[in-house]
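**Student:** Please work out how this folds:
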Amino acid sequence: MAREGIPAWYRNTLFRSHLEARWAIFLDRLEIRWEYEPQGFDLDGTRYLPDFVAFPALGALWAEVKPDWQEDPDGIAKWREFAPQRPQPSRTVLLVGKPSADAEYLVVGGDENADDPLKGPWEDDGQLWRPCPAGYHFDLAFPGKYRTKFADDGCPDHFGADGVDRLDAAVRAALGHRFGKFGPADGKAA
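**Tutor:** Below is the predicted model:
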């Protein structure tokens, strides 16, 4: 049984939980465009509403946010059912826990050869948030040889780029944010 999160206002949006709002802060700090609960889907009679669709460097990424693996098994089952039915081209990710530069997140969809990261045969791969070679764009990447950057998005390699520092700063901003108790309607925007 899923526990209820504490709602939080951020950027004039009421999130169902502080955790979801922290992910929005993380994405904002990395300059990744996102939409919160943009549309629902009918999965053969089961309703499903993804938490986010984000648009990192390599394209559309549908995201489900959960505090931990045991918290909401039914919600995770819906996410797994949604993954093969998601709009194409896109990927989907299960963001378990708070934003982290070192955690691996479960991603479904994509191409292990990086020729087309939005389509492909693989699923259930653990990936990490990483900067592009220039340190400006961000996306999820396979661990290993791309541990400091993800597959080439056309940016030139710049040794010593500040992408890893920006990633760390985004994590600190998301985890350090203090939410107010007032929403934008009462003039005290959080």
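
**Student:** can you tell me the average pLDDT over stretch 5-18?
**Tutor:** For stretch 5-18, mean pLDDT is 95.

**Student:** Give me the neighbour count for the closest residue to A57 other than its chain neighbours.
**Tutor:** Leaving aside its sequence neighbours, A57 sits nearest to H137 (Cβ to Cβ, 6 or more residues apart in numbering; 3.7 Å). Heads up, the C-betas are built off the backbone N, CA and C, glycines and all. Using other Cβ atoms under 10 Å, H137 is surrounded by 21 other residues.

**Student:** per-residue confidence at H137?
**Tutor:** Looking at H137, its pLDDT reads 86.

**Student:** Also A77?
**Tutor:** Note for A77: predicted pLDDT of 91.

**Student:** ditto for the one 10 residues further on
**Tutor:** At P87 the predicted local distance difference test score is 91.

**Student:** Just the buried residues of stretch 72-84, please?
**Tutor:** D72, G75, I76, K78, W79, R80, F82, A83 (16 or more other Cβ atoms under 10 Å).

**Student:** Dump it to CSV, restricted to CA.
**Tutor:** Extracted C-alpha coordinates of stretch 72-84, given in CSV (Å, rounded to 0.1, in the frame of the first residue of the first chain):
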residue,chain,number,x,y,z
ASP,A,72,4.0,1.0,-4.2
PRO,A,73,4.3,-2.4,-5.9
ASP,A,74,1.0,-1.7,-7.8
GLY,A,75,2.3,1.7,-9.1
ILE,A,76,5.5,0.0,-10.2
ALA,A,77,3.5,-2.7,-11.9
LYS,A,78,1.5,0.0,-13.8
TRP,A,79,4.8,1.6,-14.8
ARG,A,80,6.1,-1.7,-16.2
GLU,A,81,2.8,-2.2,-18.1
PHE,A,82,3.1,1.3,-19.5
ALA,A,83,6.8,0.9,-20.6
PRO,A,84,6.2,-1.2,-23.8
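
**Student:** Check what contacts that stretch and list those residues.
**Tutor:** For stretch 72-84, the surrounding residues in contact (Cβ atoms under 8 Å, 6 or more residues apart in numbering) are 2, 41, 43-44, 46, 48, 50, 62, 64, 66, 69, 92, 94, 108-109, 123.

**Student:** so how many other residues sit close to T92?
**Tutor:** If you count neighbours by other Cβ under 10 Å, T92 ends up with 25.

**Student:** go on, F179?
**Tutor:** Residues contacting F179 under the criterion other Cβ under 10 Å number 16.

**Student:** next one: phi and psi at it?
**Tutor:** phi -90, psi 140 (degrees, to the nearest 10).
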